[in-house]
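Novice: here is my input, please return the structure:
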Amino acid sequence: MPFTTKTAKREPFFPSILLSGPSKSGKTYGALLLAKGFGGKTVLIDTENRRSKLYGSLFKFEVVEFDPPFSPERFREAMKTALASSPTTVIIDSATHEWLGKGGILRELDDMPGTNTAVKWGKLTPRHESFMDSLTAAPKCFVIVTCRAKEKIKLEEVKKDGVVKTEVRRLGLQPMQRWDFKYGFTLFYALSPETNRVRVAGSIEGAPVPDGVLTAEFGKQIASWALMKK
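Specialist: Model (predicted):
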């Protein structure tokens with residue numbers, strides 16, 4: 001089929017949203033607040049030892065209980081189960097397990113026989129990318145993904161007064177997932193446990209900006225913007 005051109009036109013869509021932060025930064029609570037603002041039915045895929053149920057008296061949502069192994073294929077199956085009930089929002093809490101958890105990509109890498117890392121990654125990368133597609137490729141509803149974060153550092157050699165020294169450069173909190181994980185999402189918010197605040201870490205032009213914290217009202221703003229509601 002030959003290629004054609006046509007005028008670009010903004011259409012309603014469901015964004016994929018990443019919430020990243022260290023422990024106790026409010027990722028689960030923030031995700032549920034946004035989902036409340038979106039309205040309708042929420043299904044939460046819980047990899048965190050059923051901790052989401054602690055919020056059962058504050059929010060109305062359904063749970064998919066997800067125990068190890070945390071393989072990409074099982075995440076996709078859990079996503080399929082969540083979507084089967086036609087929810088308005090699916091929350092994956094959290095995606096870090098697919099990378100670092102028992103049965104996750106890095107655990108699989110360690111357990112695979114042989115010493116050729118390139119061959120191993122040749123098998124693992126398509127599995128991980130298929131998992132990513134299930135979260136971010138034209139979602140059928142609002143998708144909120146939480147991810148643990150930790151401080152990332154880089155060792156650099158610096159020459160001072162003729163002497164080369166190794167210094168530590170702090171790169172800030174980064175999601176505990178593959179290095180490019182965050183780039184697949186429409187919206188990316190970083191949460192801070194010290195101040196209970198949120199900042200925009202990745203977005204697109206015209207998207208709403210949170211007023212320092214995540215709220216159900218901000219969820220309504222995202223829904224109105226994404227679905228083009230007046």
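Novice: sec struct for residue 74, please.
Specialist: Three-state call for residue 74 (DSSP: H, G, I helix; E, B strand; the rest coil): helix.
Novice: let me fix that: residue 157
Specialist: Counting by three-state DSSP, the backbone at residue 157 sits in strand.
Novice: residue ranges of the helices in the protein, please?
Specialist: Here the chain has its helices, by DSSP state H, at 27-38, 72-83, 96-100, 105-111, 117-136, 216-226.
Novice: out of the ones you listed, which is closest to residue 202?
Specialist: Residue 202 lies closest to helix 117-136 among the helices of the chain, at 12.2 Å (Cβ to Cβ). Bear in mind the C-beta positions are built from the backbone N, C-alpha and C, glycine included.
Novice: can you pull the pLDDT of residue 195?
Specialist: Residue 195 is assigned 72 on the pLDDT scale.
Novice: need the helices of the chain in CSV (columns: mean pLDDT and distance to residue 44).
Specialist: Formatted as CSV, the helices of the chain follow (pLDDT from 0 to 100; distance: least, Cβ to Cβ, whole Å):
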stretch, mean pLDDT, distance to residue 44
helix 27-38, 97, 8
helix 72-83, 97, 8
helix 96-100, 97, 14
helix 105-111, 96, 22
helix 117-136, 96, 14
helix 216-226, 97, 15
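Novice: to residue 190, which of those lies closest?
Specialist: helix 27-38 (10.3 Å).
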